Every structure is written in C-alpha cells, then in structure tokens.
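Visitor: starting from these lines, generate the structure:
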Amino acid sequence: MKVIDLFCGAGGFSLGAHLAGFDTVLAVDKDPVLTSSFGRNFPKTKLLLADLASTPGTTLLAAADLKSGDECGIIGGPPCQGFSLMGKRKVADSRNELLHHFFRIVSEIRPKFFIMENVPGLLLGDVRQLLDSSLNTVTGYGILGPVKVNAGDYGAATNRERVIIIGVRDASAITESQLRKGVLAIRPTVADAIKDLPSPRKSGTGRYRRAGKLSAYASYARMRHDSLGDESIRNLIAAGKVTGVSPTTHKPGVVTRFSSVLPGKCDLISRCPRLSWNLPAPTLRAGTGPDHGSFQSVRPLHPKQPRVITVREAARLQGFPDWFDFHKTKWHSFRMIGNSVSPMLAKAILKLVAKQMKER
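Guide: Numbering: from 1, shown residues only. Now for the predicted structure:
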C-alpha cells in the first residue's frame, strides 16, 4: 500500500514504512535543511517542500499521484518542541497547531489507516485538551491511543518514550495487547549498537572495527538496500568503511573533565551523560534550528573515550542503518536524528498495521 509521510524530516518514518513493506510515494516537510538528504536516501520517493498548515489534502493527493478514494496510509510526527517536557510548553506555540493539521489532512484524505507519533508531554495539561479536540475531528476509524511506547522495546538501542495513535478506517481498533506482543524480551545495548564503529576520523570515513563477533544489531546496520540510499555509500560499506565519523573538537580542559565522568553519570558543566556499554542510550535530543535560537542539544559521551558521540554512533543508537546519509554538518545531522521517528519503532508499528489489514 502507498503511504504519505507528513512532517517527514530526515525520513525515519519513511524508512520504517519501507522496511515493513509499504511504498512511501510522497514525503512532505517545509524544512529544506532537515530534508536535505532525503532524496539521496529515498531516490524513488517524491519530496514536497510545503507548509502543511496551509496545504489541503487534495494537493497532497495530486502530488502523490493518487485520487480521492485510492487506498493509502498517512504517517507522521508533527513537530513536538511545543509539547516537550524539556521546553517551555506554551500552548500558543505556533508549532502546536500542526497537530490539528495532521488530523485535518487525515479527515480530508480519508486514508485506509493513519499513525501519528509524538512526545509523552502531549498527554499532559492543556496540550492533552488540544490533542483530544483534534482527534475528535476524525470519524469512521477504529483508534488505538494515545498510548505510550518505547523505541527500545521494539529494537532501537535507546530509551526513547513516545506516544502513538493508530487509526484503521471502517475497522475495529488494533488493541494495546497486540501492540505489546512486539516488545522484545531483551533490549539492545549501546555495545550492540556501536562497538564495531571506528573512532572519529578527520576525513569523516573510517574502517569498521574487527573486535569479536559482530552483534545482530550491527549486522542489520550494515545491510545493503539496493533500492534505497546512495550507491557510493553502499559501496563504501561493502568495502568495510563507514561514513559519519567526523570528530568534534574538545579543548584540553574539556577532555580532562570528560575523562573523569563515569558511565551513567553526567559532566557537571556540559550536562553530557556518559553512555554505558551494557545499557540502552538515553533519549537523543534534537536542539533547535535558526528560527528558534540555534541551540545545540546535549550529546552523550562515548562509553570509553573522552568525547561526545559521532553522527554515525547517534544514528546507530536511533536505529538508522549505515547507508543512511545526513547533513554535511554535525549540528544539523544531530537535529535530523534527534527529531526523527526511530525506524525500528516505525517498522514494528507498520508491520502490525499490515498484519491487521491482511487478516481482514
């Protein structure tokens, strides 16, 4: 089934849809920076740069080469900064209106199913009222949610709580017990995710480490997808090399401080947490763009080395494969990753939706 990805960003939801057997035919976002690598990662998907607050559903159908009544799905994670418990949580934040527009577009297009992902702060206070009023505009769907999930339960090496809502048209709702059946008995750890990755290299490209048996997680990250990604990056991986390992320069005093931080503890000045090899990573944060102050997010410290993690290490923790490309700068690459839906969580949810529709 064809899928339209709203607020697509770097494409974590689109990747999960592809891995679950769906065809993302249209991805929409208004940010040219966060979508700058989308075409390289999804060469067969049309990217539309548009403000969804002023885009009617008919425009999206036409861009996706679909007609009213064609079966499709809608997925998306509206910008969450206005809801996040880490922010100021202003109900009047203009980004909050995009939650309403996600459900407006669902009502206009009437897809076979829809999935929305967002932060747990969506469930609290006045923001919850905004969610409920927006969701109530959608009729004719069996709806699960809002319900909390954790990307770590579905295969990502990060403790990343999120809220999801799943709607299936003209059908009974998927149950929470069905959703929980996909939870892993053992969560992947930081070691599973990044232990085979090289230390930072000025060139931005390094060779994989050869240290013991490769984890299933790392093997998955190295898998080739001939219909996705840039061929030059796929060829590098085939040759035993990986991109996204550019270093972040730290002053000597900072290196000294970082060296003394124990796993699971934070540097007192930067607040950077030290990762633990045998645990999942904490939630990776995005920071802000130029329109909201250009604040860089706090980045975790490598479990052993006195430095923050590289872009590729962050991508691995979030569940992105090694062929997935990001922005040429570390700042925007970390924004892409921190803003994204974990592809592993997206894949698990979309496979459940596919199973439900197939059984019907």
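Visitor: can you pull the contacts of the nearest residue to Arg257 once chain neighbours are set aside?
Guide: The shortest distance from Arg257 to any non-neighbouring residue, by C-beta to C-beta, 6 or more residues apart in numbering, is to Asp267 (5.7 Å). (Glycine included, C-beta is placed from N, CA and C.) For Asp267, the contact set (C-beta atoms under 8 Å, 6 or more residues apart in numbering) comprises 257-258, 261, 274, 301.
Visitor: got it, and Met223?
Guide: Met223 makes contacts with Pro321, as judged by C-beta under 8 Å, 6+ apart.
Visitor: assign it to helix, strand or coil.
Guide: Following DSSP: H, G, I helix; E, B strand; the rest coil, we place Met223 in the coil state.
Visitor: tell me the confidence at it?
Guide: With respect to pLDDT, Met223 scores 93.
Visitor: surely Gly182 touches Leu345?
Guide: No. Gly182 is beyond contact range of Leu345, at 9.7 Å (criterion: C-beta atoms under 8 Å).
Visitor: follow-up on the earlier one: now the residue nearest to Arg257: how far from Phe326?
Guide: 25 Å (C-beta to C-beta, to the nearest Å).
Visitor: and Thr55, its phi and psi?
Guide: phi -110, psi 120 (degrees, to the nearest 10).
Visitor: tell me where the stretch 251-360 of the chain has strands.
Guide: 281-282 (DSSP state E, counting those that start in this stretch).
Visitor: residue ranges of the strands in the stretch 101-250 of the chain, please?
Guide: Taking DSSP E, counting those that start in this stretch as the criterion, the stretch 101-250 of the chain carries its strands at 113-118, 141-150, 158-159, 161-169, 205-207, 241-243.
Visitor: packing partners for the first one?
Guide: Which is strand 113-118. Where contact means 3 or more C-beta pairs under 8 Å, 6 or more residues apart in numbering; DSSP states H and E, strand 113-118 is packed against strand 72-76, helix 97-109, strand 161-169, helix 343-359.
Visitor: what about these, which gets the closest to Asp153?
Guide: Asp153 lies closest to helix 343-359 among the helices and strands packed on strand 113-118, at 8.3 Å (C-beta to C-beta).
Visitor: coming back round to it: pLDDT score for the residue nearest to Arg257?
Guide: We have a pLDDT of 95 for Asp267.
Visitor: how close does it sit to Leu275?
Guide: Applying C-beta to C-beta to Asp267 and Leu275 gives a distance of 12 Å.
Visitor: mutual contacts of these two, please.
Guide: Leu301.
Visitor: tally up the residues packed near Leu279, please.
Guide: 17 (other C-beta atoms under 10 Å).
Visitor: need the helices and strands packed on strand 113-118 in a markdown table with mean neighbour count, can you?
Guide: Listed next are the helices and strands packed on strand 113-118 as a markdown table, based on neighbours: other C-beta atoms under 10 Å:
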| stretch | mean neighbour count |
| --- | --- |
| strand 72-76 | 26 |
| helix 97-109 | 20 |
| strand 161-169 | 21 |
| helix 343-359 | 21 |
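Visitor: minimum distance to Val245: which of those has it?
Guide: helix 343-359 (20.0 Å).
Visitor: alpha carbons of that closest one, as CSV, please.
Guide: C-alpha atoms of helix 343-359 as CSV (Å, rounded to 0.1, in the frame of the first residue of the first chain):
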residue,chain,number,x,y,z
PRO,A,343,12.9,3.5,12.1
MET,A,344,12.8,0.4,14.2
LEU,A,345,9.7,1.6,16.1
ALA,A,346,8.1,2.7,12.9
LYS,A,347,8.7,-0.7,11.3
ALA,A,348,7.2,-2.6,14.2
ILE,A,349,4.0,-0.5,14.2
LEU,A,350,3.6,-0.6,10.5
LYS,A,351,4.1,-4.3,10.3
LEU,A,352,1.3,-4.6,12.9
VAL,A,353,-1.0,-2.5,10.8
ALA,A,354,-0.1,-4.5,7.7
LYS,A,355,-0.9,-7.7,9.5
GLN,A,356,-4.3,-6.4,10.7
MET,A,357,-5.3,-5.3,7.2
LYS,A,358,-4.1,-8.6,5.7
GLU,A,359,-6.2,-10.6,8.2
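Visitor: what residues of stretch 27-45 count as buried?
Guide: Buried residues in stretch 27-45, counted by 16 or more other C-beta atoms under 10 Å: 27-31, 33-42, 45.
Visitor: no more questions from me, cheers.
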